[in-house]
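1. fold the following.
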Amino acid sequence: MRGLGAVPAGGRDQVSGRGWALFAVMGVLWGVPYLMIKVAVDGVSVPVLVLARTAIGAAVLLPLALRGGRMAALRGHWAPLAAFAAIEIIIPWWLLSDAEHHLTSSMAGLLIAASPIVGVVVARLAGGAERLSLLRWTGLAVGLAGVAVLAAPGLRGGQPWPIVEVLLTAVCYSVAPQIAAQRLKDVPSLPMTAVCLGFAALVYTPPAILTWPHALPGVRVLAALAGLAVVCTALAFIVFFALIREVGASRALVFTYLNPAVAVTAGVLLLGEPLTTTIVLSFALILAGSVLATARQSGGETEPAGVPAAGDDHAGRAASSV
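-> Below is the predicted model of the structure:
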């Protein structure tokens, strides 16, 4: 993939200082949720965790989405919105949070990093017409090899389900953009995100009530829940939309390649998780495979595949959130 300055976005040839700052912020905001989930699941149930994240996130974003009559664009799209919410938020956030009862945050972040690779396979199975070049086939092979290197010890160790849960999360993050691209392409991202978070909160309210903690969780757990909801969900989407406006949609998704590095670094430094040779090797393979597998060759130019045209405000649907 070429450098960020090579893909025109919104008429800009160079990324501004503000653009670089937003890139850095997004790499952190969607790289640290794995750490916060790991902390939170030690003090509350999965339904409570997801409810806190979705309800607070919706409460922050809904007032912004209501401005200027943006919600009117959602009319007639309730079925695909419900499907998108289920596959992008309701199902994967349960799977990922439950898996982190048993997996390190570093491992979860690295396995999720395979989402772009899975996305290429999903798009192909969904009837995508784009031909896979030798470069992209190589990327698929390299990336899947990285997943195998990372997952093999756990699969052999008798606890395969948490790894399967994270891989299913990656599949969800790959399928959801296909729904958005085919059924929600005319829906603005901000109201769509706010409504999907609100719908997910309603779904999680009954199981959260049934599993509500008998005592107030510790400060560490409460801080993790607040961070997930306010920082990694509501603020992250606001910053992401600002990043799209600043650099364009195609460039805006490049930060996702930073997420696994942030996830591993945070887990090692803040939670004392091990940094093993297996993690380093799998990280290199998954990152290289993602870059190669999602490269699109067009007129001698390579750019991330599977993302909207520069300047499209719907790019948030193509980014895997955690």
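2. pretty sure T138 is touching L292, no?
-> Yes - with contact defined as CB atoms under 8 Å, T138 reaches L292; the gap is 5.8 Å. Where you see a C-beta, it was placed from the backbone N, CA and C, and this is true even at glycine.
3. and these two? which has more neighbours close in?
-> A direct count of neighbours by other CB atoms under 10 Å for T138 and L292 places L292 higher, at 23 against 15.
4. residues in contact with the more buried one?
-> The contact partners of L292, by CB atoms under 8 Å, 6 or more residues apart in numbering, come to L135, R136, T138, G139, V142, G143.
5. select only the buried ones of those residues in PyMOL?
-> A single PyMOL command selects the buried members of the contacts of L292 (16 or more other CB atoms under 10 Å):
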select buried, resi 136+139+142+143
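6. want to throw the contacts of L292 into a markdown table with secondary structure, distance to L228 and pLDDT?
-> Converted to a markdown table, those look like this (DSSP: H, G, I helix; E, B strand; the rest coil; distance: CB to CB, whole Å; pLDDT from 0 to 100):
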| residue | secondary structure | distance to L228 | pLDDT |
| --- | --- | --- | --- |
| L135 | helix | 37 | 82 |
| R136 | helix | 34 | 78 |
| T138 | helix | 36 | 85 |
| G139 | helix | 31 | 81 |
| V142 | helix | 32 | 87 |
| G143 | helix | 27 | 84 |
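7. now the contacts of L292 as JSON lines including distance to L110?
-> As requested, those are arranged in JSON lines below (distance: CB to CB, whole Å):
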{"residue": "L135", "distance to L110": "23"}
{"residue": "R136", "distance to L110": "21"}
{"residue": "T138", "distance to L110": "20"}
{"residue": "G139", "distance to L110": "16"}
{"residue": "V142", "distance to L110": "14"}
{"residue": "G143", "distance to L110": "11"}
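8. what residues are up against W94?
-> Going by CB under 8 Å, 6+ apart, W94 touches V46, P47, V50.
9. swap in V50?
-> When contacts are counted by CB under 8 Å, 6+ apart, V50 touches I90, W93, W94, S97, A200, Y204, A208.
10. just A99 next, same as before
-> By CB under 8 Å, 6+ apart, the contact list for A99 reads A108, P162, I163, E165, V166, T169.
11. check L51 too.
-> L51 makes contacts with A201, Y204, T205, A208, as judged by CB under 8 Å, 6+ apart.
12. quick one: secondary structure of it?
-> helix (DSSP: H, G, I helix; E, B strand; the rest coil).
13. any chance you could map the strands in the protein?
-> Listed in chain order, the strands of the chain (DSSP state E) span 295-298, 301-304.
14. write the PyMOL selection for whichever of the contacts of A99 are buried.
-> To isolate the buried ones among the contacts of A99 in PyMOL, judged by 16+ other CB under 10 Å, type:
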select buried, resi 108+162+163+165+166+169
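15. redo the contacts of A99 as CSV? Include distance to G57 and pLDDT.
-> Formatted as CSV, the contacts of A99 follow (distance: CB to CB, whole Å; pLDDT from 0 to 100):
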residue, distance to G57, pLDDT
A108, 20, 91
P162, 25, 92
I163, 27, 90
E165, 22, 94
V166, 21, 92
T169, 18, 93
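16. for the contacts of A99, which one is nearest F283?
-> A108 (12.9 Å; CB to CB).
17. roughly how far apart are that closest one and T265?
-> Distance, A108 to T265, by CB to CB, to the nearest Å: 14 Å.
18. same deal with Q14?
-> Per CB to CB, Q14 is found 28 Å from T265.
19. for the two, indicate the residue with more neighbours.
-> More crowded of Q14 and T265, by other CB under 10 Å: T265, with 17 against 8.
20. re the thing from before, format the contacts of A99 as a markdown table; extra columns: distance to T277.
-> Putting these into a markdown table (distance: CB to CB, whole Å) gives the following:
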| residue | distance to T277 |
| --- | --- |
| A108 | 19 |
| P162 | 21 |
| I163 | 19 |
| E165 | 25 |
| V166 | 21 |
| T169 | 25 |
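21. now, the contacts of A99 that are in helices?
-> Among the contacts of A99, the ones falling in helices (DSSP state H) are A108, P162, I163, E165, V166, T169.
22. and the contacts of L51, which are buried?
-> The buried subset of the contacts of L51 - by 16+ other CB under 10 Å - is A201, Y204, A208.
23. before we move on, back to that, comparing the strands of the chain by mean pLDDT, which bottoms out?
-> Across the strands of the chain, strand 301-304 has the smallest mean pLDDT, namely a mean of 44.
24. so where's this structure shaky on pLDDT?
-> 1-13, 126-131, 154-158, 249-255, 296-321 (pLDDT under 70).
25. repeat the analysis, applying 90 as the threshold.
-> 1-28, 30-31, 64-76, 109-160, 167, 170, 173-190, 236-262, 274-280, 282-322 (pLDDT under 90).
26. now stretch 82-99: buried residues?
-> So, applying 16+ other CB under 10 Å, buried residues of stretch 82-99: 83-99.
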